[in-house]
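1. Sharing a model that was predicted from the sequence below.
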Amino acid sequence: MADEADQADEVGVVDEPEGAEQAARARRLAAWRGSERVLVRGPVELRIGERLAALTAAADLDGALDDWVDVYGDGVVERLERRVADLLGMEAAAFFPTGTMAQQVALRAWAGRTGNPVVAVHPLAHLEVHERDAYLTVSGLRAVRPTTEPRLPTADEIRDLDEPFGTLALELPLRDAGFVLPEWDDLVAVVEAAREREAVVHFDGARLWESTTYFGRGLPEIAALADTVYVSFYKSLGGIAGAALAGPETLIAEAAAWRHRYGGQLFQQWPTALAALAGLDRELPRLPSYVAHAAVVARAMREAFAAAGVAWSRVHPEVPHTHQFQVWLPYPARVLDEAGIRLAEETRTTLFRRWSEPGPPGLAASEVTVAAPALDWTAEEVTEAVAAFLTRVRAVLAEDGRR
């Protein structure tokens, strides 16, 4: 499923001839960029010069432009690492160019320390779906599945696993299940069950930043449940790229060694580090307001689809756990993509971005992200946008019927 927040707009798309796909992508970007009303602004909508200017302006507010550039991870990168460790209440943190590398290194290091290469992980987790089995293929680890249900595992499921495991990896929130989180007491119980099995706990917290509202807990209290936590700088914070792995000082020192071996010790990373710091300054404090407004947007969408008589539609979860949620509709993804582009071109409103077909035939899904631009939308305006979108869906379907 394409991730609207990441703006990876080629994921899950039917292959087209190269020239046709380039033209289609240019049309999408032009429609999104030209929209005056959006729920989120994506980084792919900016040209390089605009992104550089925005980065310079954001960094200058914090005085970071007076720092020296980094060399192999010192300077501004170290500053970012200290900031993340403090935010999560961890002893130390290491910057990584990608979350995939950070996750691999964490699980590899824990396997060495526990003496057990088995990782208990959900089959819908990012480790399984979006990292090309890196932790299995590169590090030689092995997976066991505590559950296949579209939710985080329960404590009983962890206790009942029929073989030992060294690490329990939990994605918070579980994106491909609908950005869902467990209840706080259930999460605590799951971690305790893993401890009973003498396993360590690793949080895939790429989107942990926006989970505090649902849990009703601060980042340090959430992170304290785990032995290591990975966080992303671009999924919710608007960064260029990059991630951090936080945990005990000795483990992070080992992770830094593996980062070098994996090719992650880049000569200079100051643009990425600056963008991450800017995101922590500007976006992190705003995330609770995005989460609150996501509930308003989701409810308006759900009621609009019902009022329009759409035979099968679903907003999942009905009340979003974070500022992101799924929308499912009974139309081909190609039809919904075209309807969304026409809505943007004709009304300068972007409601949905990419659609994919990850489930049963005849159903398509899109991921909705509610960010700063969405805060101006009332429920009535969301309802009107849904109606306008469905008008264009019906028009595309009618054109298909005439062909």
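-> Sure thing, it's come through. Residues are numbered from 1 along each chain as shown.
2. Would you point out which residue is most central in this protein?
-> Nearest residue to the geometric centre of the chain (Cα atoms, centre = their mean): Lys235, 4.8 Å.
3. That one should be in a strand, yeah?
-> No: secondary structure of Lys235 (DSSP: H, G, I helix; E, B strand; the rest coil): coil, not part of a strand.
4. pull the helix or strand with minimum mean pLDDT from the chain.
-> Least confident element among the helices and strands of the chain, by mean pLDDT, DSSP states H and E: helix 48-61 (a mean of 84).
5. List the buried residues of that one.
-> Within helix 48-61, the residues that qualify as buried are 51, 55, 58-59, counting by 16 or more other Cβ atoms under 10 Å. All C-beta spots, glycine's among them, are computed from the backbone N, C-alpha and C.
6. next structured bit after the helix or strand where Tyr214 lies?
-> Using DSSP states H and E, Tyr214 sits within helix 212-215. Where DSSP H and E defines the elements, the next helix or strand beyond helix 212-215 is helix 219-223.
7. Same question for that next one: list its buried residues.
-> Quick answer for helix 219-223 (16+ other Cβ under 10 Å): 219, 222-223.
8. go on, stretch 105-124?
-> Residues 105-111, 114, 116-122, 124 are the ones in stretch 105-124 that count as buried (16+ other Cβ under 10 Å).
9. Run through who's touching the helix holding Tyr214.
-> Residues from elsewhere that reach helix 212-215, judged by Cβ atoms under 8 Å, 6 or more residues apart in numbering: 181, 184, 187, 218-219, 222, 287-288, 291-292, 321-322.
10. out of these, who has the most neighbours?
-> If you count neighbours using other Cβ atoms under 10 Å, the busiest of the contacts of helix 212-215 is Thr322, which has 28 neighbours.
11. The closest residue to that one other than its chain neighbours and Arg27, how far apart?
-> Spatial nearest neighbour of Thr322, chain neighbours left out: Glu210 (4.5 Å); criterion: Cβ to Cβ, 6 or more residues apart in numbering. When distance is defined by Cβ to Cβ, to the nearest Å, Glu210 is 31 Å away from Arg27.
12. between these two, which one's more packed in?
-> Shown here are Glu210 and Arg27; by other Cβ under 10 Å, Glu210 has more neighbours (28 against 13).
13. pretty sure that one contacts Arg286?
-> No: counting by Cβ atoms under 8 Å, Glu210 does not reach Arg286; the two are 9.8 Å apart.
14. Quickly list what's touching both of those two.
-> With Cβ under 8 Å, 6+ apart applied, the contact sets of Glu210 and Arg286 do not overlap.
15. per-residue pLDDT, the spatially closest residue to Val129 that is not a sequence neighbour?
-> With Cβ to Cβ, 6+ apart as the criterion, Val129 has its nearest non-adjacent residue at 5.7 Å, and that residue is Asp176. Asp176 carries a pLDDT value of 97.
16. which residues does Asp176 contact?
-> Contacts of Asp176 (Cβ under 8 Å, 6+ apart): 1, 124-126, 129, 358.
17. Filter these down to the buried ones.
-> Buried among the contacts of Asp176 by 16+ other Cβ under 10 Å: 1, 124-126, 129.
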